[in-house]
Every structure is written in structure tokens, then in C-alpha cells.
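Undergrad: Give the three-dimensional model of this entry:
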Amino acid sequence: MVPRTYMRGQQTPLEVPLTDASRAHGKHSGAGAVLGALYCHYVFTAHEVAQLTIMDLEGLAAVLWVKYLCEHHADLLRGKRFVGLCDNEPFVAAVNKRGSNYPQIAYLIGILHKLQCQIGFDFTLQYIPSKENIAADALSRGRLQEYFDHMSDTYNLTPAQLTEVPVDQ
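TA: Numbers count the residues shown, from 1 in each chain. Just a heads-up that it's a prediction; the model follows:
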């Protein structure tokens, strides 16, 4: 069962799944995700960057990360209701409305709903400015040292305590 109220307050990358997508052209187009000591980053193809909007890429990053967590670390999500953080306002609005008029986003939200039902968790998103989404933003741009420095300075986690995980695209 999922609690009636959302976990709020001092939520950090250690407590809620965070994702970010970067649509810069070249090798820095990608996505990053964080939950506790788990993190991932991957690179979008040139075709993905050319064909998908940033909202599509943000949604794809969120779904891939939540899907990975459900398949490999369901215990981190099961029975929880939490507020995630995202720096893409249109995607935040679509997730919180539980639907979208954009077919790609509606499809991704449908996948999120299915995962929530299967594992037994719920979440809503809250918008945060990009400059405050430091960990996921650094990962989405392939700046691992910046990510490690942030996690060390902010949460006292060394690179040895952090675990990179594969996320299938």
C-alpha cells in the first residue's frame, strides 16, 4: 500500500529519483539520473537529438530511470509516495496532470503509470530551475567529475561510494 501523503521536506538526490536531459549537439547530448548512491548517464544519438524535443528527451530519461529502478531496485520505490524534481516545466505539468495531448509524452506517462501499479509507488514532480538540478544536470552533460565533486561536497559521498548502473536505451 502507498501512504496517503507525499514525502516532502528535505528531499535530495539521496531520497528521490532525479533525472535530466541535455539536448546540446555533439557528444554532450544525453541524460543523467540519480537516486542515492546509484547514478547513470548515457548519450543520445544524433538522430534522437534531431527528432525529439527536449520534453520528449526529459520524459525518456525519466521513464528509462524509473524502469531500471523498478527492475533492479524495486525496494527503493515500493510503498513510497514522493515528490521528484525536474527542470522541464511542460513535462512536470504533464506528469502531474497524469496525461498529455502530445502522443509521445502520453505514451511515456502510460509506461510510468504501469510501473507505478506493478511496484506500488506514486510520485509527482516539482519544477526546479536547471541550475539547482546540479547532480542530474552534470550527468546529462557527461561531466562526471562535476557530479563526483557535487556529491562529495554536498553529501560526503566519495566516488568509491557511488555506483554507476547501466540503463538500456
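Undergrad: how far away is P159 from V165?
TA: Relative to V165, P159 is positioned 14 Å away (criterion: CB to CB, to the nearest Å). C-betas here are computed from N, CA, C, even on glycine.
Undergrad: what's the answer for H150, then?
TA: Note on H150: its distance to V165, by CB to CB, is 18 Å.
Undergrad: For those two, indicate the residue with more neighbours.
TA: Neighbours per residue (other CB atoms under 10 Å) separate H150 from V165, with H150 holding more: 19 against 15.
Undergrad: Mean pLDDT per helix and strand in this protein: which one sits at the bottom?
TA: Counting by mean pLDDT, DSSP states H and E, the chain has its least confident helix or strand at strand 81-86, which shows a mean of 83.
Undergrad: what angle do the helix or strand that it is followed by and strand 81-86 make?
TA: Under the assignment DSSP states H and E, the closest C-terminal helix or strand after strand 81-86 is helix 89-97. Orientation of helix 89-97 against strand 81-86 (axes from the mean of the first three to the mean of the last three CA atoms, to 10 degrees) gives an angle of 170 degrees.
Undergrad: So which bits of helix 89-97 are buried?
TA: Residues of helix 89-97 classed as buried: P90, F91, V92, A94, V95 (neighbour count, 16 or more other CB atoms under 10 Å).
Undergrad: Alright, that wraps it up for me.
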